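> Got a predicted structure here, sequence first:
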Amino acid sequence: MIHPTPRLRFAPSPTGPLHLGGARTAMYNWAAARALGGTFLLRIEDTDQARSTEASLQIILAGLRWLGIDWDEGPEKGGDFGPYFQMQRLHLYRQAADRLLAQGHAYRCYCTPDEIEAGRKELEAQKAGFSGYNRRCRSLTAEQRAAFEAQGRKPNLRFRMPEARVLQVHDLIRGDVEVNTKELDDWVMLRGDGVPLYNFACVIDDIGMKITHVVRGEEHFLNGIKQRLLFEALGAECPLYAHIPLILNKDGKKLSKRDADTNMLDYRDKGFPPEAVFNYIALLGWSFSGDRDVFTREEMVARFQIPDIGKSGSKFDEEKLRWMCGEYVRRWTPAQFVERARPWLQGHVPEAVFASHGPWLRNVLACFQERIAILGELPPKLGWLFAAPAMDAAAAQNLTKDPAAKSWLTAYATHLAGSNLPPSWPASRAGADDVVALPSKKDAPEVACAFWTPSAIERDCRAFVEKLGIKFGSFVHPVRAALTGTDKGPGLFDVLFLLGKDSCVQRLGAAAR
RNA sequence: GUCCCGGUCGUCUAGUCCGGCCUAGGACCCCAGAUUUUCAUUCUGGUAACACGGGUUCGAAUCCCGUCCGGGAUACCA
């Protein structure tokens, strides 16, 4: 047999946002397509007209793009196998339905929902072990059909399921599985109004779009059986199926809004780096290797294989996701970090910073690179750079812990007033920021600078403290409090360097009062 | 109820197909220590698992059976 070009798809229904599970399904299909050198396409299953919305579609597309999952064919992209919206393919379903009807693989069902329900109850009462549709319309006479038509009933089209046939199927994840068709219903393919149902549209489209591999959630396993039978009835070869376990919450239950952000865009809006989210999601059921968790998309594609996906369900762990985010944040260069952070900074830092204080901003951000995991953490940590900070409880305590602290601050303010600290924002700091790279490392080589560098500030400070005759540690905490309003943050001498002379002098004086 | 799938540290997992290299490896979390002006980063070390019971075998996390537990399916949703 000639191996066809691999073609895989992600087929979301636009009835809600792209959630974690959907993102993973999309990713595995995408990765497999890329790994196999095939095509990845998007098909929109919008046949549930009551719940499908344009807004959901846009959210799903945006979520995929954000994760870096790109598609070769589909919405906004086109392709030779379209249209890629099922509601635009109704004529194709109609054609297939007519053929199936003519061949006897399908039949018209005139039952009303109430009649179906009644039939189901009856079967249950008989404890037949099967409680689906009672197949009343399977063998209607022409007269009976005419009578229903005369009543104005619009028939659904049902698939004529082979009775008690044992199927041996192979699933890329589950291996060989036996299923008896007696477990399956005569399922509805096409509604009276001409709109297809999932299993039917799916097969017609998988044939039409020449899909070769299907990776999807295990809730579709039995659908897969129904679909195989339909492929067979149509005389088409069915794709390889891979049914993957679901993603669960901490308690092992289905993931819900309570457990995690269900919309991928929420992660975007909170500043989770998309590569980190991608990386983390990939790990939910697949592993790169025995000893590495952090890898790029390209590295994933290079070793991804569908059968390597795990068989057991995995639980979503936000802690590890956050750790992963930190890993990525720390790998950015200062310039990359500035670019990534920009959207979160806008509205929180003065506009002029971006235009005229590039080097300074780079230095500011560099000080936080090992202190945040997601970009949304940034704005609340930066306020003290631009305005005198409000004192939090810990800082207030550091200020009053030693009764003499305020006199030290006054003395240090006076000392700094005569120092060669860089000027305070928004003055130009050319000559300081562009030669000094923060955060200052202990072993960093001394740089020649027109102003004091953080290490020069430290040397001076230590000498000053020695003259004061107190412990360095007890001096440093009140100073940090006065300058930043908290007891956490960048190294104190980076803080002094960033803040500049006037601000330091002013804040030390204010805190001493 | 019936059918299908699964079960390795608290979590994500490697190892399972092709039994011995596994006194079960990595990562997150947690704990301790080091560095240190705080926080963080980084580094070192530590706690912690083959669901249970049988069987096959010289030898089983790996193969077989049973039990228990978990998940999925059983729609004119997808």
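It's in.

> The residue of the stretch 51-200 of chain A found nearest RNA strand B: neighbour count?
Distances between the stretch 51-200 of chain A and RNA strand B by C-beta to the nearest atom of the strand are smallest at A:Tyr198, namely 3.2 Å. Any C-beta I mention is one placed from the backbone N, CA and C, and that applies to glycine too. Neighbourhood size, A:Tyr198 [other C-beta atoms under 10 Å]: 20.

> How about the residues of the stretch 151-300 of chain A by RNA strand B?
A:156, A:174-175, A:177-180, A:183, A:185, A:187-188, A:191-192, A:197-199, A:218-223, A:245-246, A:248, A:252-254, A:283-285, A:287, A:290-293 (C-beta under 7 Å from any atom of the strand).

> who's in contact with A:Leu172?
For A:Leu172, the contacting residues are A:213, A:215, A:240-242, A:306-307, by C-beta atoms under 8 Å, 6 or more residues apart in numbering.

> Could I get the full set of helices for the stretch 401-513 of chain A?
For the stretch 401-513 of chain A, applying DSSP state H, counting those that start in this stretch gives helices covering A:405-417, A:454-468, A:472-484, A:492-499, A:501-512.

> didn't A:Phe464 look like it was pressed against A:Tyr412?
Yes. A:Phe464 is in contact with A:Tyr412 according to C-beta atoms under 8 Å; the separation is 6.7 Å.

> of the two, who's got more company?
Neighbours were counted for A:Phe464 and for A:Tyr412 using other C-beta under 10 Å; A:Tyr412 has more, 24 against 16.

> Skip the chain neighbours and tell me the closest residue to the more buried one.
A:Leu508 (5.7 Å; C-beta to C-beta, 6 or more residues apart in numbering).

> Read off the pLDDT value for that neighbour.
With respect to pLDDT, A:Leu508 scores 96.

> ok, back up a step: quick one: the contacts of A:Leu172 as CSV, columns for pLDDT too.
Converted to CSV, the contacts of A:Leu172 look like this (pLDDT from 0 to 100):
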residue, pLDDT
A:His213, 97
A:Val215, 98
A:Leu240, 97
A:Tyr241, 97
A:Ala242, 97
A:Ile306, 97
A:Pro307, 96
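
> Name the spans of the stretch 101-250 of chain A whose pLDDT lies under the cut-off.
A:127-131 (pLDDT under 70).

> how about a cut-off of 50?
Counting by pLDDT under 50, the stretch 101-250 of chain A contains no low-confidence residues.

> picking that back up, what two of the contacts of A:Leu172 have the greatest distance between them?
A:Tyr241 and A:Pro307 (12.0 Å; C-beta to C-beta).

> quick one, which of the two is more surrounded?
A:Tyr241 (23 against 9).

> Please state the offset of the helix or strand where the more buried one lies from the chain centre?
Element membership of A:Tyr241, judged by DSSP states H and E, is strand A:240-244. Computed by C-alpha atoms, centre = their mean, to the nearest Å, the chain-centroid distance of strand A:240-244 equals 22 Å.

> Stretch A:299-307 too?
19 Å.

> which outside residues touch it?
A:28, A:31-32, A:34-35, A:172-173, A:213, A:215, A:240, A:242, A:282, A:286, A:288-289.

> And those, which two are furthest apart?
The most distant members of the contacts of stretch A:299-307, if one measures by C-beta to C-beta, are A:Leu240 and A:Ser289, lying 24.7 Å apart.

> Of the two, give the one with the bigger neighbour count.
A:Leu240 (15 against 9).

> and that one, what does it touch?
A:170, A:172, A:212-214, A:306.

> Could you tell me which of those belong to strands?
A:170, A:213-214 (DSSP state E).

> Would you mind giving those residues as a markdown table with neighbour count and distance to A:Cys504 added?
Shown next, in a markdown table, are those (neighbours: other C-beta atoms under 10 Å; distance: C-beta to C-beta, whole Å):
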| residue | neighbour count | distance to A:Cys504 |
| --- | --- | --- |
| A:His170 | 10 | 71 |
| A:His213 | 20 | 63 |
| A:Val214 | 22 | 64 |
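
> In stretch A:37-45, which residues are buried?
A:38-45 (16 or more other C-beta atoms under 10 Å).

> Nearest to RNA strand B among the residues you listed?
Checking the buried residues of stretch A:37-45 one by one against RNA strand B (C-beta to the nearest atom of the strand), the nearest turns out to be A:Glu45, at 3.2 Å.

> Verify the contact between that closest one and A:Tyr84 for me.
No. Contact between A:Glu45 and A:Tyr84 fails when scored by C-beta under 8 Å: they sit 10.1 Å apart.

> Tell me how far A:Gly78 lies from A:Glu45.
18 Å (C-beta to C-beta, to the nearest Å).

> and the stretch 401-513 of chain A, which of its residues are near RNA strand B?
A:458, A:472-473, A:476-477, A:480, A:487-494.

> redo that, cut-off 10 Å
A:439-442, A:454-455, A:457-458, A:461-462, A:465, A:471-477, A:479-480, A:484, A:486-496 (C-beta under 10 Å from any atom of the strand).

> and those, which are buried?
A:439-440, A:454-455, A:457-458, A:461, A:465, A:475, A:477, A:479-480, A:484, A:486, A:489-496.

> buried stuff in the helix or strand hosting A:Asn199?
Following DSSP H and E, one finds A:Asn199 within helix A:198-208. Going by neighbour count (16+ other C-beta under 10 Å), the buried part of helix A:198-208 is A:198-207.

> Could you export the residues you listed as JSON lines, including distance to A:Pro422?
Shown next, in JSON lines, are the buried residues of helix A:198-208 (distance: C-beta to C-beta, whole Å):
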{"residue": "A:Tyr198", "distance to A:Pro422": "65"}
{"residue": "A:Asn199", "distance to A:Pro422": "69"}
{"residue": "A:Phe200", "distance to A:Pro422": "71"}
{"residue": "A:Ala201", "distance to A:Pro422": "66"}
{"residue": "A:Cys202", "distance to A:Pro422": "65"}
{"residue": "A:Val203", "distance to A:Pro422": "69"}
{"residue": "A:Ile204", "distance to A:Pro422": "69"}
{"residue": "A:Asp205", "distance to A:Pro422": "64"}
{"residue": "A:Asp206", "distance to A:Pro422": "65"}
{"residue": "A:Ile207", "distance to A:Pro422": "69"}
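
> Check the contact between A:Ile244 and A:Leu284; I expect there is one.
No. Using C-beta under 8 Å, A:Ile244 makes no contact with A:Leu284, being 9.7 Å away.

> Which neighbours do those two have in common?
With C-beta under 8 Å, 6+ apart as the test, A:Ile244 and A:Leu284 both reach A:Arg24.

> for A:Asn29, what are its contacts?
Per C-beta under 8 Å, 6+ apart, neighbours of A:Asn29: A:8-10, A:40, A:213, A:215.

> export those residues to a markdown table and tack on distance to A:Ala164?
Shown next, in a markdown table, are the contacts of A:Asn29 (distance: C-beta to C-beta, whole Å):
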| residue | distance to A:Ala164 |
| --- | --- |
| A:Leu8 | 34 |
| A:Arg9 | 33 |
| A:Phe10 | 35 |
| A:Phe40 | 39 |
| A:His213 | 30 |
| A:Val215 | 30 |
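
> Quick check: the two most widely separated of the residues you listed?
It's A:Phe10 and A:His213 that sit farthest apart of the contacts of A:Asn29, by C-beta to C-beta, at 11.7 Å.
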